[in-house]
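Trainee: The following block contains a protein sequence and its predicted model.
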Amino acid sequence: MSTKDKEMMNWDADHLMHWVMPVGMNAGVMIDRAQGVSFYDTTGKEYLDGASQLVCVSLGYKYNEEIAAAAAEQLKKLPFFMNFWGFTTPTSIECGQRLSKILPQGIDHFCFTNGGSESTELAFQFARAYWKNKGTNKHKIISLYNSYHGVMYGSITATGLSKGLFSSAFTPLVPGFIKAPSYYCHRCMLGLKYPECGVECAKQVEKIIQLEGPHTIAALIAEPVHGTAGHIPPPPEYWPMVRDICTRNNVLLIADEVMTGFGRTGKAFGVDNWGVKPDMMTLAKGISSTYVPFGAVAMNEMVYDGLKNSVFAGATFSANPLSAAISNKVLEIYERDKIFENAAKMGDYAMERIKKQFLPLPHVGEVSGIGLMIGIEIVENKETGKGFDPASNMMHVIQDKALEKGLFVRVSDESWSSANRISFCPPLTVTREEIDRMLDILYPIVSEIK
Ligand SMILES: Cc1ncc(COP(=O)(O)O)c(C=O)c1O
């Protein structure tokens with residue numbers, strides 16, 4: 001690293017905060033550019049992106065030129081316009097229309113946001129407002145253990161992992177939030193075995209609603225597949241069961257599709273894997289392939305109708321034409337270049353290789369996932385399933401070794417999650433050859449765990 005780069009890194013540590021890193025520290029890696037499915041640091045070193053960064057750069061970096069052209073065109077024509085007081089733009093209307101075509105039928109009303117946390121936060125406000133408008137006191141939000149919903153007060157309160165780590169610095173959190181069991185079968189928190197359990201985790205949602213009183217519950221929010229906890233899909237009955245439970249108990253169902261949306265699971269949206277239609281869906285990340293901050297709360301006619309004549313305060317950047325124009329281009333590319341189909345095919349390919357090659361290893365406890373969202377569980381003892389003590393820092397050792405060899409992967413560990421898992425989730429544009437290059441780096445690291 002050059003002297004100038006070292007000086008910049010020191011300034012960074014002294015002045016810039018980094019998430020999930022103690023304040024005052026940085027990782028010692030300064031990223032300069034990205035191309036294909038790789039990013040490069042300022043020394044020119046290449047890193048294959050085996051995690052799509054935060055499971056968000058869905059197109060990878062293969063379309064930079066085309067997106068830049070769409071951005072330039074919009075910036076020259078109308079760089080910004082607010083969405084307040086009924087003003088609108090053709091780009092935001094086009095974006096809503098494009099989304100309507102790929103979301104489950106009937107989910108075609110939108111509030112645009114600047115990211116996932118804002119989407120979940122607003123979905124809670126809309127759920128409460130919906131029931132208030134009906135003259136009820138339904139206000140409680142149910143979410144699941146092992147879920148991640150964002151960093152703002154409501155979204156972090158709904159989040160069901162981190163063992164307090166993500167929020168202990170600024171508690172107390174928000175009242176009116178309740179947790180239901182996670183659908184993580186391999187480490188079932190109810191101590192049951194699928195399928196003999198009859199999907200008791202879904203049934204528990206109904207028991208919780210009954211015990212709290214259905215007249216107090218506004219909504220259930222869940223990720224179609226647990227994302228941040230390490231890519232953990234539910235049993236196939238789970239989503240149809242909770243849809244039915246919510247309908248029968250007059251509870252709004254919110255699918256948090258921030259990570260699973262836009263082809264990540266091999267289908268357009270996570271809930272499409274089970275043919276379920278939620279009442280609201282929270283969107284971000286893949287909506288713009290994170291070329292710009294953007295997101296949305298999508299809702300059905302029933303919810304939109306129930307919110308009619310309510311007034312909400314808005315954020316300056318909501319529905320800004322630049323983000324919408326980029327999203328339109330990204331949505332066009334998804335369709336034109338059959339990106340979701342590629343995610344399904346490449347997901348099958350990666351899963352087959354990982355199950356065949358990694359699962360037999362002495363320290364791999366489980367492999368599960370869907371589409372290009374694959375989790376590899378690392379255990380200390382394969383027979384008992386005991387994980388490495390977080391104090392051993394095993395997951396970060398794996399992550400650092402991979403980074404040193406030119407591969408970026410995400411990891412979760414038992415200091416804040418339910419299990420030690422490597423998340424393998426490359427961009428949806430990845431090829432077989434690129435998957436092989438990534439797994440060729442990861443395999444020796446996992447096989448050499450002592
Ligand atoms: C399911 C889910 N919801 C919400 C969020 C928060 O999104 P953002 O980081 O854009 O605020 C995330 C981020 O990872 C997520 O995975």
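Mentor: Great, that's in hand. The structure displayed is predicted, hence computed values, not measured ones.

Trainee: What parts of the stretch 101-250 of the chain come near the ligand?
Mentor: 115, 116, 117, 120, 148, 149, 150, 223, 227, 228 (C-beta under 6 Å from any ligand atom). For every residue, glycine as well, the C-beta is placed using N, CA and C.

Trainee: Out of these, the closest to the ligand would be?
Mentor: Of all those, residue 116 has the smallest distance to the ligand: 2.1 Å, by C-beta to the nearest ligand atom.

Trainee: do you know how far the closest one is from residue 99?
Mentor: The gap separating residue 116 from residue 99 is 15 Å, by C-beta to C-beta, to the nearest Å.

Trainee: who has more neighbours, those two?
Mentor: The neighbour count for residue 116 versus residue 99, taken as other C-beta atoms under 10 Å, is higher for residue 116 (28 against 23).

Trainee: for that one, what are its contacts?
Mentor: 149, 150, 155, 256, 258, 259, 282, 283, 284, 285, 295 (C-beta atoms under 8 Å, 6 or more residues apart in numbering).

Trainee: Repeat the analysis, applying 10 Å as the threshold.
Mentor: Taking C-beta atoms under 10 Å, 6 or more residues apart in numbering, we find residue 116 in contact with 54, 56, 148-152, 155, 256-259, 261, 282-285, 287, 293, 295.

Trainee: Mind pulling up the pLDDT for it?
Mentor: Residue 116 is assigned 98 on the pLDDT scale.

Trainee: what's it sitting at in phi/psi?
Mentor: phi -70, psi -40 (degrees, to the nearest 10).

Trainee: how close does it sit to residue 304?
Mentor: 21 Å.

Trainee: do residue 288 as well
Mentor: 23 Å.

Trainee: what about the two, which has more around it?
Mentor: Comparing residue 288 with residue 304 by other C-beta under 10 Å, the one with more neighbours is residue 288, at 29 against 18.

Trainee: Which of the three states applies to the residue nearest in space to the middle of the chain?
Mentor: Nearest to the geometric centre of the chain sits residue 259, at 2.4 Å (C-alpha atoms, centre = their mean). Under DSSP: H, G, I helix; E, B strand; the rest coil, residue 259 falls in the coil class.

Trainee: how close does it sit to residue 56?
Mentor: 8 Å.

Trainee: mind listing which of the contacts of residue 116 are in strands?
Mentor: 256, 282, 283, 295 (DSSP state E).

Trainee: Isn't the third one up against residue 257?
Mentor: Yes - under the contact definition of C-beta atoms under 10 Å, residue 283 touches residue 257, with a separation of 5.7 Å.

Trainee: Neighbour count: these two, which is higher?
Mentor: Comparing residue 283 with residue 257 by neighbour count (other C-beta under 10 Å), the higher total belongs to residue 257, at 33 against 28.

Trainee: hang on, isn't the more buried one packed against residue 271?
Mentor: Yes - with contact defined as C-beta under 10 Å, residue 257 reaches residue 271; the gap is 7.3 Å.

Trainee: who touches both of these two?
Mentor: Between them, residue 257 and residue 271 share the contacting residues 103, 224, 265, 278, 281, judged by C-beta under 10 Å, 6+ apart.

Trainee: Tell me the one of those nearest the ligand?
Mentor: Looking across the shared contacts of residue 257 and residue 271 and measuring by C-beta to the nearest ligand atom, the closest to the ligand is residue 224, at 8.9 Å.

Trainee: The closest one - nearest residue in space that isn't next to it in sequence?
Mentor: residue 270 (2.6 Å; C-beta to C-beta, 6 or more residues apart in numbering).
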